[in-house]
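K.L.:
The amino acid sequence is not available; the structure is as follows:
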């Protein structure tokens, strides 16, 4: 019993032993029985207790500790045996129902935990099986290479990824050409982004990525041949942040020889709550708003730049580059709308983070609730679907992180690249190209400071005879130290658990020789009150303070509360002058930009062996790699560099000699070379913007019966009463126009000019009956919407958007609704677009627009096999040029859209899929085709802002309904207009619950629609 006294304490707390109760001796006997059963396993838990006490940041509860730390380690048989013993000892003296009850619950919890682990393992096994099957299917389909090609392909597959070059042999290095005048768009959505005085470390969203994208924009704008670079981010007007984040445009740089609007600009797009600064996990419902705002800006800028540098033709972006998952989804949507190549940089990946989080105590549901990890992973998969290039900082990122995704397989990507290079068909399959381009840095200021400090050491710079005043941040750091002349170990990061600062502090505290030789400086963002920070940040900082106290590190560890971004170089200088070492102990480090910065100031480095530092140290040869979980390895590496002065000097020298490999010039040259190469495989953008007529002809004709043109009202009349000859000619013109109008009405041909439409009304009501046929009331709904909308707004155009084919749409409208009432028909879930005013001729530009990556015939048979859970449930019913429609048997079991998309991605097939016709039809369409993207295409083509679009839809509908909801357009939801839907076959996405652009109509009658439109308070 003595060896398990601490367990007794927890059992007594759980059982409320402190309160008066009967049978105290009986409870002790039962506890002894329990302890004897499991005592051997509790010994192991005692070793963990001290560490858990330190790491615990929430209110401690014995019950939670017992269940989470003790129970989960027991074997089910032991728990059941203990419970059985409690049952056997039940009598009038030893009865304790509460302990018996507790043991039963422990057994039940353990069984449940085992079942959950089993289910998760089964899902993982199934996913691996699916991936292997998809890989073998693709390999079999692509096996028609010649023997020479096959041998080379196999050798590439088995070769080490270490042989991957930064710029491939078939890629021409970028040579600047001033005559090109290119426009580049970068997107970084979350965090606080500005050009000067960056608040890096303020929160988990404002870190190294912010600095990276700002410096990348500046560096690209300085390259010859680049006219303008726009960095798009979110506009934040919240009073809790500085007012600079609400400025719509901020100039980042402008070349000295620049003209007009050239240079780099930070453009802030309104998105989400205007009065709140929200974390990236809460931005997902507002992605559509950002897409529409960014699209409007890019179109306006393309037209303006076209007037300046492209002979009046729109100067569309050369590339759209998304940074992180959220911006990756935005870039994918914009790339599809504008038909512009897309580049993706992940920075930090969701699947990798999920694998790390699953090793903790949180369930998958809790992880997703906190981090929206499933939504993030799907955005990253969409980015892989759309991207031409994925920029990575390390080879490890390609193999161990992107390799976890359905949309990327290294072996298949190499095989497809070989086939493309030889002009062999890829059979509709596609994989994005992964390229390693190390992050860059501006070394101009570094060189100046190193030159100034070349002759001085730390003592000469902080002593009484110092030649220059000491930087304020130096004083702020050194006030913590009892001996500021010792070498300084520097760590600079956000106070994030992933950065692993607590392990570093434990390693320092446990190693007495290291404590005697060096000081430790922790630059962990900025703080005023720890309690007001986010939970993760406050937890890290609280743990740091506890560890400093536990190891009695006062006078040896500095942890200043504030620092400004311009002071960061001074911090590096201080550490270098003190003959110190920089350390990055992160669990996983995607980039390692701080390592490059530290090396540029002459600091040797110790870094995690997981991620970017592996390649950085290989290039710089200026430090040591360590296991971030191994405290002794961390302390040994630091001690080695601090104690061995010759090694310190060698690492410093190597770092300064090789740092040029990470210059922004080198980075941008490699980057632009890869982009230039990928454009060879991307179709040319033929998208044009309709000019805006000063006075639309069709509007002018509305009142012509009144002779509103007034051609002859003021005409001169001769003395004999006959009209003047000029007046007579004017009358002939009027008569001719009237005759042409009458003829056109008689022939049912609409005199139409797209540029005349000031607003668009889009009808996307997916109303079907139980067998998938259009509902009888659908024509009435359409008729009511047209009637009410025309009465409230002049110059409005109508678009019908549906999952039906063109022929089905015509049959549905019948004689109740005139086709000529519509400016456009978007059919087959967005894969067909035609114009009634042009005799239903298909839009050839739109077809070529969505053609990119459409696998065509290669996907036809595969979908039938993959969609069905049971045989013959899914059959091809209609085959169009860009839409394969499959009929689904009633009550058939089919895979959901997410599962089906995953299976196709694993095979390298990129498509959109929509369940329609009340889940009785599956439409497989091109990746860039959708009803939402068709609407954006029309918005650009006809020059109608998305804010001037109103969308009518039902409460339910096809599986692409959620995509239609997001954006800046207004939406009217018609209640009771849809009875049978398809949405049970899709994993629904988050939608903005407080969307003020959505109005609910109580029904689909005219008065219900009119009342809903009045909700918007101003004419639509």
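P.N.:
Looks like it arrived, so ask away. None of the values given here were measured: they were computed from a predicted structure. Numbering: from 1, shown residues only.
K.L.:
How is residue 264 classified with respect to secondary structure?
P.N.:
Here residue 264 is recorded as strand under DSSP: H, G, I helix; E, B strand; the rest coil.
K.L.:
So it sits against residue 215, correct?
P.N.:
No: between residue 264 and residue 215 no contact is recorded; they are 9.8 Å apart, counting by C-beta atoms under 8 Å. The C-beta positions use only the backbone N, C-alpha and C, and glycine is treated the same way.
K.L.:
who has more neighbours, these two?
P.N.:
Each of residue 264 and residue 215 has its neighbours counted (other C-beta atoms under 10 Å); residue 264 has more, 27 against 20.
K.L.:
Report the contact partners of that one.
P.N.:
By C-beta atoms under 8 Å, 6 or more residues apart in numbering, the contact set of residue 264 is 217, 218, 220, 221, 228, 229, 230, 231, 251, 252, 253, 254.
K.L.:
tell me which residues of stretch 660-677 are tucked away?
P.N.:
Using 16 or more other C-beta atoms under 10 Å as the test for burial, stretch 660-677 gives 662-664, 667-677.
K.L.:
Equivalent analysis for stretch 235-244, please.
P.N.:
In terms of neighbour count (16+ other C-beta under 10 Å), stretch 235-244 has its buried residues at 235, 236, 237, 241, 244.
K.L.:
Please state the offset of stretch 516-527 from the chain centre?
P.N.:
In terms of C-alpha atoms, centre = their mean, to the nearest Å, the centre of stretch 516-527 is found 33 Å from the chain centre.
K.L.:
my bad, stretch 427-440
P.N.:
The answer for stretch 427-440 is 17 Å, by C-alpha atoms, centre = their mean.
K.L.:
Stretch 294-308 now?
P.N.:
Using C-alpha atoms, centre = their mean, the offset of stretch 294-308 from its chain centre is 24 Å.
K.L.:
Kindly report the same for stretch 368-383.
P.N.:
Relative to the chain's own centre, stretch 368-383 is displaced by 7 Å; criterion: C-alpha atoms, centre = their mean.
K.L.:
same question for that stretch, mean pLDDT?
P.N.:
In this model, stretch 368-383 has a mean pLDDT of 92.
K.L.:
Which strand residues bridge residue 519?
P.N.:
Beta-bridge pairing for residue 519 (DSSP bridges): residue 488.
K.L.:
where do the strands sit along the stretch 751-900 of the chain?
P.N.:
When secondary structure is read from DSSP state E, counting those that start in this stretch, the stretch 751-900 of the chain shows strands at 759-763, 796-801, 824-827, 832-835, 841-842, 874-879, 884-888.
K.L.:
can you check the stretch 151-300 of the chain too?
P.N.:
Counting by DSSP E, counting those that start in this stretch, the segments of the stretch 151-300 of the chain that form strands are 182-187, 226-235, 249-253, 263-270.
K.L.:
Of these, which is nearest residue 428?
P.N.:
With C-beta to C-beta as the criterion, residue 428 lies closest to strand 182-187 of those, at 28.6 Å.
K.L.:
May I ask which helix or strand of this structure has the lowest mean pLDDT?
P.N.:
When each helix and strand of the chain is scored by mean pLDDT, DSSP states H and E, helix 697-700 comes last, with a mean of 38.
K.L.:
Let's see the pLDDT reported for residue 454.
P.N.:
We have a pLDDT of 53 for residue 454.
K.L.:
Hmm, I typed the wrong one, I wanted residue 806.
P.N.:
Per-residue pLDDT puts residue 806 at 94.
K.L.:
What of residue 889?
P.N.:
With respect to pLDDT, residue 889 has a value of 89.
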